[in-house]
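A structural model of the following input is requested.
(one chain, ligands or ions: 2)
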Amino acid sequence: MTAEFEQVRERLAAARRVAVLTGAGVSAESGVPTFRGPDGLWRGFRAEELATPEAFAADPKRVWEWYDWRRGLIAACRPNPAHEALAALERRAGGGLTLVTQNVDGLHARAGSGDPVELHGNIWRVRCTACGRLAEDRRVPIPILPRCGACGGLLRPHIVWFGESLEAAVLERAVGAFESAEAALIVGTSGVVHPAASLAGLAKRAGAFVVEVNPEPTPYGGRVDVTLEGKAGEVLPRLVAA
Ligand code: BV8
Ligand code: ZN
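Ligands and ions are numbered 1, 2, ... in the order given. I've put the predicted structure just below:
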């Protein structure tokens with residue numbers, strides 16, 4: 001237990017309000033591929049080429065095949081000790097912890113997190129491109145080109161694609177949590193995608209103690225108080241252990 005580690009445990013325990021931001025790295029040990037890691041490609045495509053309204057307009061079938069593949073993969077994954085540790089920390093914080101995630105896999109909720117802020121949506125929710133109807137759809141496989149039950153319109157994943165705005169209420173909740181946090185945890189994100197990547201800076205400017213958990217160095221490096229180098233599934237359970 002290094003002095004740094006002890007300091008983080010103390011600051012986390014003392015903080016009345018904690019904000020957490022997670023990225024694909026928190027689900028890596030569940031077997032969900034990250035975006036920019038070695039397993040980040042699908043049929044040679046990067047997420048930035050598929051998760052866009054243009055890609056969906058040009059070839060909805062290919063985009064749905066990518067999501068169907070991810071849904072099938074995620075359906076077989078389980079929350080890992082990192083998700084469970086964050087759910088335990090939330091219970092212990094008694095309402096003082098807000099979990100914000102960039103992930104669309106739904107694993108935080110499955111691990112028991114009460115009301116995660118899903119900045120980029122959720123892969124198990126679909127939205128009708130014609131009538132806008134939102135629905136949960138857990139079919140695996142999902143028929144490729146799924147149709148709306150109400151109007152027959154083409155469904156799309158209820159996910160924020162590159163170039164699309166985040167839902168204002170969702171972003172406001174995330175910004176509010178990081179601006180009022182006394183401690184902030186940034187776990188398993190490469191800090192590349194905005195506006196999620198700016199949340200840590202908001203907390204820092206508001207005087208919070210900011211900690212990053214990642215096995216690799218990231219652009220956050222110089223701007224956090226402590227970087228705990230390691231896997232989320234190993235570091236978080238030790239941080240949260242009673
Ligand atoms: C918007 C849904 C515009 C898809 C996603 C130039 C500069 C700044 C911004 C931009 C720019 N050019 C374009 C933009 C805007 C763009 C953007 O940020 N692009 C990036 C690529 C530069 N952003 C947008 O378009 C956003 N919208 O800006 O709106 C606008 C503004 C005003 C008005 C109108 C419009 C929308 C962004 C949302 C895109 N959707 N996801 C889907 O999932 O199907 S983003 C996608 O990347 C995922 O959500 C993912 O979560 C996210 C970020 O990736 P990470 O989570 O960080 O994952 P990554 O693989 O990168 O990293 C994994 C990390 O884990 C690594 O650091 C690794 O070391 C670590 N790790 C690995 N194993 C472990 C681990 N950590 C811990 N434990 C382990 N075991
Ligand atoms: Zn419809």
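
near ligand 2 at all, the lengthiest strand in the chain?
With DSSP state E applied, the strand covering the greatest number of residues in the chain is identified as strand 121-128. Yes: applying Cβ under 5 Å from the ion, one finds that strand 121-128 is in contact with ligand 2 at Cys128. In short, each C-beta sits where N, CA and C put it, glycine included.

helices or strands up against the helix or strand that that strand is followed by?
For strand 121-128, the succeeding helix or strand toward the C-terminus, using DSSP states H and E, is strand 134-136. The helices and strands touching strand 134-136, judged by 3 or more Cβ pairs under 8 Å, 6 or more residues apart in numbering; DSSP states H and E, are strand 121-128.

Parallel or antiparallel, list what pairs with the strand it packs on.
Sheet partners assigned to strand 121-128 using DSSP bridges are listed as strand 134-136 (antiparallel), strand 155-159 (antiparallel).

Tabulate those in TSV, adding columns for mean neighbour count and mean pLDDT.
Converted to TSV, these look like this (neighbours: other Cβ atoms under 10 Å; pLDDT from 0 to 100):
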stretch	mean neighbour count	mean pLDDT
strand 134-136	11	97
strand 155-159	21	98
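
mind checking which of those strands is nearest Trp66?
strand 155-159 (9.6 Å; Cβ to Cβ).

picking up where we left off before, which stretch among the strands paired with strand 121-128 comes nearest ligand 1?
Checking the strands paired with strand 121-128 against ligand 1 by Cβ to the nearest ligand atom gives strand 155-159 as the closest, at 4.8 Å.

Kindly report the domain assignment for this protein.
Taking automatic domain parsing as the domain assignment, the ranges for the chain are 3-31+79-120+166-240, 33-76+121-159.

what's the span of the last one, first residue to last?
The first and last residues of domain 33-76+121-159 sit 17 Å apart, counting by Cα to Cα, to the nearest Å.

The longest one too?
According to Cα to Cα, domain 3-31+79-120+166-240 extends 16 Å from its N-terminal end residue to its C-terminal end residue.

Backbone dihedrals for His194, both of them.
Backbone geometry at His194, expressed as degrees, to the nearest 10, gives phi -100, psi 160.

pLDDT score assigned to it?
Taken from the predicted model, the pLDDT recorded for His194 is 95.

Output the strands paired with strand 121-128 as CSV; include the columns distance to ligand 1.
As requested, these are exported to CSV (distance: least, Cβ to the nearest ligand atom, whole Å):
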stretch, distance to ligand 1
strand 134-136, 16
strand 155-159, 5
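
Of all these, which one comes closest to ligand 2?
strand 155-159 (7.8 Å; Cβ to the ion).

Can I get the strands paired with strand 121-128 in a markdown table including distance to His120?
A markdown table is the format used below for the strands paired with strand 121-128 (distance: least, Cβ to Cβ, whole Å):
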| stretch | distance to His120 |
| --- | --- |
| strand 134-136 | 15 |
| strand 155-159 | 6 |
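
Redo those strands as CSV? Include distance to ligand 2.
CSV is the format used below for those (distance: least, Cβ to the ion, whole Å):
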stretch, distance to ligand 2
strand 134-136, 9
strand 155-159, 8
